[in-house]
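Chemist: no letters, just coordinates:
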């Protein structure tokens, strides 16, 4: 493996004073909330929703429902392909930390949660689109997602990751409109009811190339399952409080971004097919520009092509050929 490929990690507090850095994908959930005239109110309300949901799930020894607070930090990962100090923003995730006001302890949470990647924009908005131009039927390129997957796995296995984080990442996404999910008999005290999809998806395949498995759970008092992507054993590798920090954070984002699914007025049944056209839902007080978000993905994909893929093409191909998938 090309040892010249290195990573640098930067941490930034996500609070009501947060302003996205120049390298942050502005379509990222947390960055989108921090824009416009209502940015501080958006952020303040979002953080309050996260804390309230955390305390509702962590209800033991918590009679007043305000024992815990969740602190979030944005973890930005830059990649140096040639080892010459020139970097490109490759991955951005969220790290949760839990404050226990009863014991005055700060408990480390989970890294991952929200997942942001410029190269993923390139793959889905440029590569996939170009490949299917003129095709009679939707198709996927043979090596689709391989470079991105190798970059992610190389980072998680790196000394830099081990220095900054104690456990592997967990990424939490929305369920897909294109699949039907069936309720199982499996129950977890924090993750809730497990669901199983009727088929695989392009997202599952893409994250599988990153080394991640997926399971779907609907936490207590939620209305729809969440997709949890992970290494190892999701149910036994993490504590209840760690899992709650991810659920409370990502369910809050999904209520804001996909209220038709996650703030629906009806709970998912035994056979569940999510839909963004569902009208029977409630809106949060938080402003989120979903239409702009989808339009900017293509611009971001082109940015990656111009500033990362083309300038480093030969070095990336050489490294990718030598790196284990």
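Modeler: Cool, got the structure. Not measured: the values here are computed from a predicted model. Residues are numbered from 1 along each chain as shown.

Chemist: after the lowest-mean-pLDDT helix or strand in the chain, next one along is what?
Modeler: Ranked by mean pLDDT, DSSP states H and E, the weakest helix or strand in the chain is helix 29-33, scoring a mean of 68. The C-terminal neighbour of helix 29-33 among helices and strands, as given by DSSP states H and E, is helix 39-57.

Chemist: helices or strands up against the helix or strand following that following helix?
Modeler: Downstream of helix 39-57, the next assigned helix or strand under DSSP H and E is strand 68-80. In terms of contacts (3 or more C-beta pairs under 8 Å, 6 or more residues apart in numbering; DSSP states H and E), strand 68-80 is packed against strand 6-14, helix 39-57, strand 88-100, strand 105-116, helix 146-156, helix 240-257. Glycine gets a C-beta too; all of them are placed from N, C-alpha and C.

Chemist: the ones you listed into TSV, with extra columns for distance to residue 80 and mean neighbour count?
Modeler: Listed next are the helices and strands packed on strand 68-80 as TSV, based on distance: least, C-beta to C-beta, whole Å; neighbours: other C-beta atoms under 10 Å:
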stretch	distance to residue 80	mean neighbour count
strand 6-14	5	16
helix 39-57	31	19
strand 88-100	8	21
strand 105-116	19	21
helix 146-156	12	21
helix 240-257	29	24
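
Chemist: residue 210: which of those is closest?
Modeler: In terms of C-beta to C-beta, the element of the helices and strands packed on strand 68-80 nearest to residue 210 is helix 146-156, at 4.3 Å.

Chemist: got the angle for the closest one vs strand 105-116?
Modeler: Per axes from the mean of the first three to the mean of the last three C-alpha atoms, to 10 degrees, the angle that helix 146-156 makes with strand 105-116 is 170 degrees.

Chemist: show me what helix 146-156 is packed up against.
Modeler: Using 3+ C-beta pairs under 8 Å, 6+ apart as the contact test, the elements touching helix 146-156 are strand 68-80, strand 88-100, helix 118-122, helix 313-322.

Chemist: now the helices and strands packed on strand 68-80 in JSON lines, with distance to residue 82 and mean pLDDT?
Modeler: Listed next are these as JSON lines, based on distance: least, C-beta to C-beta, whole Å; pLDDT from 0 to 100:
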{"stretch": "strand 6-14", "distance to residue 82": "10", "mean pLDDT": "93"}
{"stretch": "helix 39-57", "distance to residue 82": "37", "mean pLDDT": "93"}
{"stretch": "strand 88-100", "distance to residue 82": "11", "mean pLDDT": "95"}
{"stretch": "strand 105-116", "distance to residue 82": "24", "mean pLDDT": "95"}
{"stretch": "helix 146-156", "distance to residue 82": "14", "mean pLDDT": "95"}
{"stretch": "helix 240-257", "distance to residue 82": "35", "mean pLDDT": "96"}
